[in-house]
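got a structure for you, letters missing:
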């Protein structure tokens, strides 16, 4: 997709591996939002990469992603994801705008759509 993008559409392009406690070079609070479609799952964007994605979103910014139920059956992925999200929600780093059930996602499986808002007053390290 990067090769197919029109010239000049992106102001700055980062190509980095995010996950396994590997910090990126993207400055904190660089983006108003993060949108991930069908990418949060084992083998792609693991749950341990989400704190880094949360970090690069500005305070008050929005993070949205979807996860099919079948992903929760892979390598304890769902347990790790839900535990991590609960910690951020309880600590006030994130708030749930929407967590909505969806039907017939990829592989004809139900799932959840998450829309989260990053706190204006808390920082990621507080989670």
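Here it is on my side, so go on. Quick caveat, the model's predicted, so the values are computed rather than measured.

just checking, what packs against the lowest-mean-pLDDT helix or strand in the chain?
Across the helices and strands of the chain, mean confidence by mean pLDDT, DSSP states H and E is lowest for helix 77-90: a mean of 90. Applying 3 or more CB pairs under 8 Å, 6 or more residues apart in numbering; DSSP states H and E, one finds that helix 77-90 contacts helix 50-56, strand 94-102. Bear in mind the C-beta positions are built from the backbone N, C-alpha and C, glycine included.

Could you name the helices and strands sitting against the shortest one?
Applying 3+ CB pairs under 8 Å, 6+ apart, we find helix 50-56 packed against strand 31-36, strand 57-68, helix 77-90.

try it again with 7 Å
If you count contacts as 3 or more CB pairs under 7 Å, 6 or more residues apart in numbering; DSSP states H and E, helix 50-56 packs onto no helix or strand.

Now the spatially most central residue of the chain. Nearest residue, chain neighbours left out?
With distances taken as CA atoms, centre = their mean, the residue of the chain nearest its centroid is residue 50 (4.6 Å). What sits nearest to residue 50 in space, not counting adjacent residues and going by CB to CB, 6 or more residues apart in numbering, is residue 84, at 6.6 Å.
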